Each structure stands twice: as C-alpha cells, then as structure tokens.
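Colleague: Structure for this input, please:
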Amino acid sequence: MKSNLYMSELGESLDTALHGYAAARGVALDDAVLPMLERYMAELADGILATYASAQMVMARDTQSLGVVSSRCRAVRLGSEMYV
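Modeller: Below is the predicted model of the structure:
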C-alpha cells in the first residue's frame with residue numbers, strides 16, 4: 001500500500017490489522033481476511049457509536065462537573081533529563 005505518494009489511513013490500518021491477526025493465529029493471510037475484517041468492522045462500529053453517544057451527551061448538556069483531588073509527594077530523580 002506504500003507504492004505511491006498517496007497513503008490511505010484506513011488501508012494502512014486494515015493492512016496492519018490483517019498481518020497482526022494472521023501472525024497471532026498462525027494462519028495464512030488469505031484465511032485471515034474475512035475473520036479479521038469482521039472483527040475490524042465491529043471495532044469500527046463501536047468507536048463510531050461511542051463517539052456519537054459522547055456527542056449526544058454534550059449536546060444535551062448531560063454532564064456533571066467533578067472536583068479533582070490533587071496531592072503532592074516528594075520524589076527523587078536519578079540520571080539525566082533525556083527522553084527515550
């Protein structure tokens with residue numbers, strides 16, 4: 001899928017999911033396509049429905065403000081300030 005300048009985000013995601021599914025189950029890519037696609041579409045629908053439900057709650061102003069409990073503790077840093 002990386003043969004040209006255009007890279008499909010959905011295509012890359014499906015390709016990665018397919019190879020991961022086939023490797024985890026030890027099956028050929030041809031045998032993994034349909035079951036992986038079923039799982040992928042179910043997860044995609046879950047994400048869409050969760051986003052839709054969140055948007056409906058915000059539009060209905062059905063939210064509550066909660067206080068945040070904050071605390072501090074002493075800490076020791078060893079080593080340099082380098083990110084890995």
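
Colleague: who does the longest helix anywhere in the chain touch, helix- and strand-wise?
Modeller: Longest helix in the chain, counting residues (DSSP state H): helix 29-59. For helix 29-59, the packing partners by 3 or more CB pairs under 8 Å, 6 or more residues apart in numbering; DSSP states H and E come out as helix 9-25. (Each C-beta comes from the backbone N, C-alpha and C, glycine too.)

Colleague: got the angle between the helix it packs on and helix 29-59?
Modeller: Interaxial angle of helix 9-25 relative to helix 29-59 (axes from the mean of the first three to the mean of the last three CA atoms, to 10 degrees): 120 degrees.

Colleague: about what we covered before: quick one: mean pLDDT for the longest helix of the chain?
Modeller: Per-region confidence: helix 29-59 scores 87 on mean pLDDT.

Colleague: chain center to that helix: distance?
Modeller: 10 Å (CA atoms, centre = their mean, to the nearest Å).

Colleague: which parts of that helix are buried?
Modeller: 32, 36, 40 (16 or more other CB atoms under 10 Å).
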